[in-house]
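> Sequence and predicted structure are below.
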Amino acid sequence: MPRILVIEAMLPGTAGGEVLGVRWPQLDAACLERIRPALVVCPLLTPDFDAIEAIERLGWQGRLHVLLPALPNPGLVRRELQSFARDTAPAITVEVLETLAAL
């Protein structure tokens with residue numbers, strides 16, 4: 001069973017059996033219940049959703065890692081996402097990961 005659920009992103013160098021990729025429209029409560037990931041990874045922004053919407057939709061207990069492009073102040077984004085998660089879905093732990101490539 002996959003331990004990492006990746007929403008609309010690629011994670012190079014990850015073991016195939018541990019990682020499952022899903023498209024945004026596929027992500028719902030039934031998907032999370034079936035997979036029961038230890039970690040969910042998503043980009044900060046896509047044409048279809050952003051990390052705030054992912055926090056709202058996930059509404060589960062676990063860790064969310066948000067992939068950030070190069071930004072002048074990634075700490076500000078991290079604090080905003082963590083604050084939103086505390087108010088909206090307090091059981092989610094949000095961290096940010098800066099990426100070198102454009103998402």
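Received it, and whenever you're ready, just let me know what you need.
> going forward, measure contacts between C-alpha atoms and count neighbours the same way
OK.
> I'd like the distance from the longest helix seen in the chain to the chain centre, please.
If you go by DSSP state H, the chain has its longest helix at helix 74-88. Counting by C-alpha atoms, centre = their mean, to the nearest Å, helix 74-88 is centred 13 Å from the centre of its parent chain.
> same deal with stretch 86-101?
That offset, for stretch 86-101, works out to 7 Å (C-alpha atoms, centre = their mean).
> Same question for that stretch: list its buried residues.
Buried residues in stretch 86-101, counted by 16 or more other C-alpha atoms under 10 Å: Ala89, Pro90, Ile92, Thr93, Val94, Glu95, Val96, Leu97.
> Report the secondary structure element holding the last one.
Which is Leu97. strand 92-98 (DSSP states H and E).
> Ramachandran coordinates for the residue of the chain most remote from its centre?
Distance from the centre of the chain peaks at Pro72, with 20.8 Å (C-alpha atoms, centre = their mean). The phi and psi values for Pro72, taken as degrees, to the nearest 10, are phi -70, psi -30.
> OK, contacts around Ala29?
Leu58 (C-alpha atoms under 8 Å, 6 or more residues apart in numbering).
> Next one, pLDDT for it please.
Note on Ala29: pLDDT of 86.
> And Pro2, by the same measure?
Looking at Pro2, its pLDDT reads 63.
> now Leu11
64.
> where does Ala54 land in three-state SS?
helix (DSSP: H, G, I helix; E, B strand; the rest coil).
> Thank you kindly, that will do.
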